[in-house]
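Student: take this sequence and fold it.
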Amino acid sequence: MRCVGRRGDSDGAANLSSDRGSEFGQAIAAQLGAFGLDRIKWECEMTTAVDTMDTTSQYRHDLLVEMNDDEQSRQEFVRSLKLFLAHKVSLGNKKVYEERVRPQLQKQGRSESIPEINRLMKKQEYYQFWSSLQRCSQEMMWNSIQIPVERQLDQLIGKAKKAAENPRGSLALDPDLAIPKWQTRVDIHCMPGGYHTELCEDDVAAGAVYDRAVYIYAMGRMGPYNDDIGASAAKWLKERFPDFKPKRILDEGCTVGHSTLAWAEYYPGVEIHAIDVGAPVLRYAHARAEALGVKVHFHQMNAAELKFADGYFDVVSGSILMHETGTKVAPLVLSEAHRVLASGGVMLQAETPPYKDLKPYDAFMLDWDTRNNNEPFWHASHDIDAVKACVKAGFSEKKVFEVLAPSAFESKMSQRYTHVFQSGDFGGGGQWYVYGAWK
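Tutor: Predicted coordinates for the structure are as follows:
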């Protein structure tokens with residue numbers, strides 16, 4: 001798995017043992033062999049369609065952090081490691097489960113529930129090996145991006161200010177907004193400082209780090225704009241209800257506006273608003289939208305306490321919002337969405353699939369983030385009863401829906417997908433679970 005920088009064979013190139021010669025390569029080979037996984041062909045030069053594709057080409061807008069050759073190589077190493085773990089090493093966990101763990105559960109008369117599977121899987125050496133690498137790859141990812149962002153922070157702040165001159169849209173920050181405890185108590189998905197931490201005046205560091213990190217984390221499988229979640233939801237709505245003509249759209253938990261801008265693509269000319277609790281990501285989101293020529297009105301606001309008037313929007317959307325929202329607060333987010341929706345409007349929440357729709361092993365693997373990736377609300381958000389939650393928020397049960405929206409990006413690059421939802425690879429499923437309701 002050769003990972004190179006812009007110059008090809010640069011001095012900063014990282015190498016994941018193309019000949020099993022490195023200590024790291026030998027360690028992985030030993031683990032695969034120990035569990036009878038030699039049939040998983042070791043192809044570190046990556047010759048399959050999935051492995052030879054170009055996933056390094058994130059769209060270079062004016063705000064995207066620039067990398068030197070060593071930084072580019074470091075990030076490409078992390079991306080390649082994540083791809084390797086998802087497509088190669090992860091497969092061994094299922095073999096361990098089927099040959100060791102499930103027979104034990106059956107013998108003990110235990111159910112194949114996530115807690116029971118975890119109780120035995122966490123004792124398995126191979127699972128420990130994979131899990132450690134998975135967590136390590138996450139920490140390496142953030143570090144590889146922090147380095148160039150820290151080096152260029154002053155320039156990035158300057159670019160953000162310049163991009164926001166003579167704006168199409170707007171940015172409204174609220175210095176008095178109390179950052180929710182569910183955001184301050186933990187660095188969500190191990191992102192240092194989360195979305196809200198400010199290091200200096202006019203800070204955009206959190207936004208700059210997140211923008212690049214999403215591309216590496218998803219291994220390029222959410223498109224050059226990182227917008228596949230929002231694009232898939234918008235595409236589904238547009239195609240399924242062609243006569244629906246919204247005037248105003250609200251995107252909640254927008255971070256840097258990846259999914260927000262997708263709504264502008266599918267509904268051009270519509271008034272679009274987006275909210276988040278973090279000022280640094282909103283500054284970056286506003287400047288990024290301006291640099292990309294998209295008019296969006298960004299607000300620093302809590303989705304559980306919206307400041308908009310009743311019935312103001314025709315669409316309220318959230319992209320992977322609920323799994324980062326406090327469990328006790330999640331119902332308030334849905335209730336507020338109902339309040340600000342106009343009659344005939346629609347709410348959509350896009351996430352990875354709920355556990356009820358997955359096989360026990362697949363649900364357990366997807367739940368890895370709850371226990372290992374600083375995602376304390378992940379499990380509860382995937383155990384949600386969408387119908388009950390929407391009805392409790394004020395929607396009619398008859399108008400609630402749950403769909404698997406096909407990936408808007410997959411139709412262009414279907415070979416990118418594992419078609420499995422798993423930890424560290426939620427962009428590989430090729431579709432998104434979307435639930436919501438019409439008002």
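Student: can you list contacts of stretch 159-169?
Tutor: 62-63, 171, 202, 204, 283-284, 286-291, 293-298 (Cβ atoms under 8 Å, 6 or more residues apart in numbering). (Each C-beta comes from the backbone N, C-alpha and C, glycine too.)
Student: could you list the low-confidence segments of the stretch 1-150 of the chain?
Tutor: Applying pLDDT under 70 to the stretch 1-150 of the chain picks out residues 1-56.
Student: regarding His196, what is its secondary structure?
Tutor: Look at His196: counting by DSSP: H, G, I helix; E, B strand; the rest coil, its state is coil.
Student: residues near the closest residue to it other than its chain neighbours, how many?
Tutor: Of all residues not flanking His196 in the chain, Gly278 sits nearest, at 4.1 Å (Cβ to Cβ, 6 or more residues apart in numbering). Residues near Gly278, counting by other Cβ atoms under 10 Å, number 27.
Student: if we can go back for a sec, mind giving me the PyMOL command for buried ones among the contacts of stretch 159-169?
Tutor: Typed into PyMOL, the line below selects the buried ones among the contacts of stretch 159-169, using 16 or more other Cβ atoms under 10 Å:
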select buried, resi 63+171+204+283+284+286+287+288+289+290+291+294+296+297+298
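Student: next step: the contacts of stretch 159-169 restricted to strands.
Tutor: Leu171, His297, Phe298 (DSSP state E).
Student: show me what contacts the closest residue to the first one other than its chain neighbours?
Tutor: By that I understand Leu171. Once flanking residues are discounted, Leu171 sits nearest to His286: 4.1 Å by Cβ to Cβ, 6+ apart. Going by Cβ under 8 Å, 6+ apart, His286 touches Ala160, Ala164, Pro167, Gly169, Ser170, Leu171, Gly257, Val296, Phe298.
Student: show me the shaky parts of the stretch 301-439 of the chain.
Tutor: 411-429.
Student: give the contact list for Asp174.
Tutor: Applying Cβ under 8 Å, 6+ apart, the residues near Asp174 are His299, Gln300, Met301.
Student: I meant Ser396, not that one.
Tutor: Taking Cβ under 8 Å, 6+ apart as the test, what Ser396 contacts is Ala437.
Student: and it, how far from Cys390?
Tutor: 9 Å (Cβ to Cβ, to the nearest Å).
Student: now swap in Phe298 and tell me
Tutor: 27 Å.
Student: then Arg168?
Tutor: Shown here: Arg168 relative to Cys390, a distance of 34 Å by Cβ to Cβ.
Student: now do Leu171
Tutor: 31 Å.
Student: and Leu404, backbone torsions?
Tutor: phi -100, psi 100 (degrees, to the nearest 10).
Student: dig out what it forms beta bridges with.
Tutor: Tyr433 (DSSP bridges).
Student: right, and it touches Trp432 too?
Tutor: Yes - here Leu404 reaches Trp432: they are 7.1 Å apart, a contact under Cβ atoms under 8 Å.
Student: more crowded one of the two?
Tutor: Between Leu404 and Trp432, counting by other Cβ under 10 Å, Trp432 is the more crowded of the two (27 against 15).
Student: what sits against the more buried one?
Tutor: By Cβ under 8 Å, 6+ apart, the residues touching Trp432 are Asp228, Ile229, Ser232, Ala233, Ala350, Glu351, Thr352, Leu404, Ala405, Ser407.
Student: how many other residues sit next to the first one?
Tutor: Pointing back at Asp228 there. Neighbours of Asp228 using other Cβ under 10 Å come to 25.
Student: strands along this structure, start to end?
Tutor: Remark: strands assigned in the chain by DSSP E are 2-3, 14-15, 170-172, 248-252, 271-276, 297-300, 313-319, 341-351, 400-406, 431-438.
Student: so for Leu105, which of the ones you listed sits nearest?
Tutor: strand 431-438 (26.9 Å; Cβ to Cβ).
Student: list the buried residues of stretch 307-327.
Tutor: Going by 16+ other Cβ under 10 Å, stretch 307-327 has these buried residues: 308, 312-326.
Student: now do that stretch: distance from first to last residue.
Tutor: Start-to-end span of stretch 307-327 (Cα to Cα, to the nearest Å) is 21 Å.
Student: now do it: distance to the chain's middle.
Tutor: Put simply, stretch 307-327 sits 17 Å off its chain's centre (Cα atoms, centre = their mean, to the nearest Å).
Student: likewise for stretch 66-76?
Tutor: 22 Å.
Student: residues contacting the residue nearest the centre of the chain?
Tutor: Residue closest to the average C-alpha location in the chain (Cα atoms, centre = their mean): Val214, at 6.2 Å. Val214 makes contact with Met222, Asn226, His258 under the criterion Cβ under 8 Å, 6+ apart.
Student: ok, and the most crowded of those residues?
Tutor: Asn226 (30 neighbours).
Student: might one say that it is in contact with Tyr217?
Tutor: No - contact criterion Cβ under 8 Å: Asn226 and Tyr217 do not qualify, at 9.4 Å.
Student: can you pull the residues that touch both of Ser396 and Cys390?
Tutor: With Cβ under 8 Å, 6+ apart as the test, Ser396 and Cys390 both reach Ala437.
Student: can you tell me what sits against stretch 178-196?
Tutor: Taking Cβ under 8 Å, 6+ apart as the rule, stretch 178-196 contacts 135, 138-139, 142, 146, 199, 206, 209-210, 213, 255, 276-281, 302, 304, 324-326, 329, 369, 373-377.
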